[in-house]
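Curious how this folds, go ahead:
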Amino acid sequence: MIMKEEKQLEKKEKAFEGITNTLNSLYNKIQHFQEPEKDENQEFVEIIKRAREEWEGAEKTFHSVSDPDLIDYAIYNVEATRAKYIYLLKRAKEMGIKTNFY
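Purely as a prediction, here's the structure:
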């Protein structure tokens, strides 16, 4: 009788060990799968920050030029960089990326 109980306990322990190993394996795969997403999101955040810096730089250029031909260029550049920044913010929102972009 004791032998039967020991065998049953041994079977349960092996089954529990198998389940634990499987869960650990799945957990590791999920962690590995999620890491690139974080990197992609972080890369996208960096792109947005650079776009904002470009927009701010374009505004500084606009305020510093006096040549009529450069004023037209500066206006165009401010509008283009602003549109790019706003577009990237909208894409981030669609992708569910939440961070402080300022």
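
Now do the contacts for residue 99.
Listed by CB atoms under 8 Å, 6 or more residues apart in numbering, the contact set of residue 99 reads residue 45. From N, CA and C alone the C-beta is placed, and that goes for glycine too.

Need the three-state assignment for it.
Here residue 99 is recorded as coil under DSSP: H, G, I helix; E, B strand; the rest coil.

That one and residue 78: what is the separation?
For residue 99, the distance to residue 78 (CB to CB, to the nearest Å) stands at 24 Å.

tell me which element the residue most central in space within the chain falls in.
In the chain, the C-alpha nearest the mean C-alpha coordinate belongs to residue 41, at 1.3 Å (CA atoms, centre = their mean). Following DSSP states H and E, one finds residue 41 within helix 2-64.

on contacts alone, who are the packing partners of that helix?
helix 68-95 (3 or more CB pairs under 8 Å, 6 or more residues apart in numbering; DSSP states H and E).

Between helix 2-64 and the helix it packs on, find me the angle.
Per axes from the mean of the first three to the mean of the last three CA atoms, to 10 degrees, the angle that helix 68-95 makes with helix 2-64 is 160 degrees.

Any buried residues in helix 68-95, and which?
Under the neighbour-count criterion of 16 or more other CB atoms under 10 Å, helix 68-95 has 74, 77-78, 81-82, 84-85, 88, 92 buried.

For it, name the packing helices and strands.
Checking 3+ CB pairs under 8 Å, 6+ apart, helix 68-95 ends up next to helix 2-64.

Centre of the chain to the helix it packs on, how far?
11 Å (CA atoms, centre = their mean, to the nearest Å).

Export the buried residues of helix 68-95 to JSON lines and append columns for pLDDT and distance to residue 7.
JSON lines is the format used below for those (pLDDT from 0 to 100; distance: CB to CB, whole Å):
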{"residue": "74", "pLDDT": "93", "distance to residue 7": "84"}
{"residue": "77", "pLDDT": "94", "distance to residue 7": "79"}
{"residue": "78", "pLDDT": "95", "distance to residue 7": "79"}
{"residue": "81", "pLDDT": "96", "distance to residue 7": "74"}
{"residue": "82", "pLDDT": "96", "distance to residue 7": "74"}
{"residue": "84", "pLDDT": "96", "distance to residue 7": "69"}
{"residue": "85", "pLDDT": "96", "distance to residue 7": "69"}
{"residue": "88", "pLDDT": "95", "distance to residue 7": "64"}
{"residue": "92", "pLDDT": "93", "distance to residue 7": "58"}
